[in-house]
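Participant: Prediction below, plus the sequence it came from.
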Amino acid sequence: MATSTPSRTTHIIQHVAFEHGGVIAEALRARGHTLRVFQAGVDDLQPIANNPPDLLLVLGGPIGVYETAAYPWLEQEVALIRAHLAAGGKVIGVCLGAQLIAAASGARVYPGTREIGWAPIVPTARGRDSALAELEAADWEVLHWHGDTFDLPAGAELLASTAAVTNQAYAIGKQVLALQFHPEVMPRDIEAWLIGHTVELAKAGIDPRTIRARTAEVGERVAAAGQRMFARWLDEAGL
């Protein structure tokens, strides 16, 4: 008698609606994962702790890990990630998500050099031998949108850098993939980013037309490479 493959679950912590799972979610659905989205600061995160998922996906957002006085729920989120890691759970973190994983792992998160827009990363030797190698098909170009940075957690391997920000991506064995940049973005969603981050763009003196035009040129290629990258990592992680 044939046995069915058990369904896998992914719980997603989302901080703003337009920074959603994108191509990561597509790669997960293709594998039959059941996805459940939790809105940080709004939804109770305790169900994640009570029924740990096969994968925890922690997405980006425009606040700092260290802003716990203004956003006290960040402490619960960091504690939740710390417990999930300690139990051997697997995690993908993007931008704020990568910073939250770093904080949960005991590393420092702090203001750094602001990077906004499309630009290449430089992979390390380890990065070229990892799932990030799929981004070579897009000439290593990705969407950057951050102002904070972090120290590399103990036991982590650096996967990529830029000239301005050393710690752009890291892995902790097959348990963690953490990315400061945004290879998950679908080009059709860029307008929501430009609207949602309009104040930040204005303060940084960045014309949204520049990002919109570059998205039209490279967005589809980067998204396709990003989906292959996440699919490869999921294969290597046994998910």
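Facilitator: Noted; the coordinates are in hand.

Participant: Spit out the contact partners of Glu67.
Facilitator: If you count contacts by CB atoms under 8 Å, 6 or more residues apart in numbering, Glu67 has them with Leu74. Every C-beta, even on glycine, is put in place using the N, C-alpha and C of the backbone.

Participant: and it, that's in a helix?
Facilitator: No: counting by DSSP: H, G, I helix; E, B strand; the rest coil, one finds Glu67 to be coil, located in no helix.

Participant: quick one, what contacts Thr210?
Facilitator: Shown in contact with Thr210 (CB under 8 Å, 6+ apart): Gly117.

Participant: In the protein, which strand is the longest?
Facilitator: In the chain, with assignment by DSSP state E, the single longest strand is strand 109-120.

Participant: and that one, which strands flank it?
Facilitator: Looking at strand 109-120 with DSSP bridges, its partner strands are strand 141-150 (antiparallel).

Participant: So for whatever helix or strand comes next after the strand it pairs with, mean pLDDT?
Facilitator: Per DSSP states H and E, the first helix or strand lying C-terminal to strand 141-150 is strand 157-161. Across strand 157-161, pLDDT averages out at 98.

Participant: same check, this time on stretch 173-184
Facilitator: Average pLDDT, stretch 173-184: 97.

Participant: SS state for Leu234?
Facilitator: Secondary structure assignment for Leu234 (three-state DSSP): helix.

Participant: for it, what are its contacts?
Facilitator: Taking CB under 8 Å, 6+ apart, we find Leu234 in contact with 27-28, 31, 55.

Participant: Give me the buried positions along stretch 171-188.
Facilitator: Across stretch 171-188, burial judged by 16 or more other CB atoms under 10 Å covers 171-172, 176-187.

Participant: What pLDDT is listed against the residue nearest the centre of the chain?
Facilitator: By CA atoms, centre = their mean, the chain has its centre lying nearest to Val94, at 1.2 Å. At Val94, the model reports a pLDDT of 98.

Participant: What is the most widely separated pair among the buried residues of stretch 171-188?
Facilitator: Greatest spatial distance in these: Ile172 and Pro187, 30.2 Å, computed using CB to CB.

Participant: Quick one: low-confidence residue ranges for the chain.
Facilitator: Applying pLDDT under 70 to the chain picks out residues 1-6.

Participant: try 50
Facilitator: 1-4 (pLDDT under 50).

Participant: all strands for it, in order.
Facilitator: Counting by DSSP E, the strands of the chain are 9-14, 34-39, 55-58, 90-94, 109-120, 122-123, 141-150, 157-161, 169-172, 176-179.

Participant: could you dump the fifth one to CSV, C-alpha only?
Facilitator: These are the backbone C-alpha positions of strand 109-120, laid out as CSV (Å, rounded to 0.1, in the frame of the first residue of the first chain):
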residue,chain,number,x,y,z
VAL,A,109,22.4,44.9,14.9
TYR,A,110,22.9,48.6,14.3
PRO,A,111,22.5,51.4,11.8
GLY,A,112,24.8,51.1,8.8
THR,A,113,25.2,52.4,5.2
ARG,A,114,21.9,52.8,3.5
GLU,A,115,21.6,50.9,0.2
ILE,A,116,18.4,51.3,-1.9
GLY,A,117,18.1,50.1,-5.5
TRP,A,118,19.4,47.5,-7.9
ALA,A,119,23.1,46.7,-7.6
PRO,A,120,25.3,43.6,-7.6
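
Participant: Now it: buried residues?
Facilitator: Residues 109, 112, 114-116, 118-119 are the ones in strand 109-120 that count as buried (16+ other CB under 10 Å).

Participant: wait, Arg8 sits on Leu35?
Facilitator: No: if you go by CB atoms under 8 Å, Arg8 and Leu35 don't touch, sitting 10.0 Å apart.
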